[in-house]
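Asks: Sharing a model that was predicted from the sequence below.
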Amino acid sequence: MIRVALLDDHPAVLVGLTSLLEHTPEIGVVAAAHDEVALARALGGLRPDVLIVDYDPARGDTLALCRRIKARPHPARVLIYSAYASERLAIAARVVQADGMLDKAVEASTLIEAIKQIARGGRVFPDLSRDALVDAASDVDEADLPVLMMRLDGEPIPAIASTLRADEHDITRRLDRLVARVRPRLVPHEALWSG
């Protein structure tokens, strides 16, 4: 049984996802909540196999949450599930070591297969275009480009620090700066609808 936890601030999404996944063989929802504190309370110390988190640029900081989860020993696998899915979000999600990113517009069967693949240790990301990589790289300080590229290749912080002969804390700070620069930006018309 794949133990799944859900984090989304839209009650209808939580109800719908919980219902869908509870009726899926091999998957059980162990907790569902609208915020990080409520989810931790609902989990009561239980570690899910897969955590599905919403990303909304106007609310919360899913990317920072993912980075914190992935910094723990034996972290849950993380799937970012967002109506704001884009190549830019896929890049930021890879930098924080998410295990996948899906657009909320995908078919239910695609979501279920992604959960199973991630639970087995796989990764689920869209292919990145050269233009998206060039665009993201243009927003990054030249000194941080090697960190970005190594992280996109899946290198962990200790390996990056060793390769660059740097302190792991310095690499962590640089990664935080990278995420701030490559994350999707809220455009003004989106801000009007995010209230």
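Replies: Perfect, thanks for sending it.

Asks: Could you use CA atoms for every contact and neighbour count after this?
Replies: Will do.

Asks: Pop out the phi and psi values for residue 7.
Replies: The phi and psi values for residue 7, taken as degrees, to the nearest 10, are phi -130, psi 110.

Asks: Longest helix in the protein, please.
Replies: Using DSSP state H, we find that the single longest helix of the chain is helix 168-182.

Asks: tell me how far that one is from the chain's mean position?
Replies: 16 Å (Cα atoms, centre = their mean, to the nearest Å).

Asks: Who are the packing partners of that helix?
Replies: For helix 168-182, the packing partners by 3 or more Cα pairs under 8 Å, 6 or more residues apart in numbering; DSSP states H and E come out as helix 87-95, helix 145-152, helix 157-164.

Asks: and the angle from the last one to helix 168-182?
Replies: In this case it means helix 157-164. 100 degrees (axes from the mean of the first three to the mean of the last three Cα atoms, to 10 degrees).

Asks: Tell me how far the residue located most distally from the centre of the chain lies from residue 95.
Replies: The centre of the chain is farthest from one residue, residue 165, which by Cα atoms, centre = their mean lies 27.7 Å away. Remark: distance between residue 165 and residue 95 (Cα to Cα, to the nearest Å) = 19 Å.

Asks: sorry, back to before: any chance of the helices and strands packed on helix 168-182 in CSV, with distance to residue 3, mean neighbour count and mean pLDDT too?
Replies: Shown next, in CSV, are the helices and strands packed on helix 168-182 (distance: least, Cα to Cα, whole Å; neighbours: other Cα atoms under 10 Å; pLDDT from 0 to 100):
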stretch, distance to residue 3, mean neighbour count, mean pLDDT
helix 87-95, 22, 24, 93
helix 145-152, 27, 18, 93
helix 157-164, 27, 15, 94
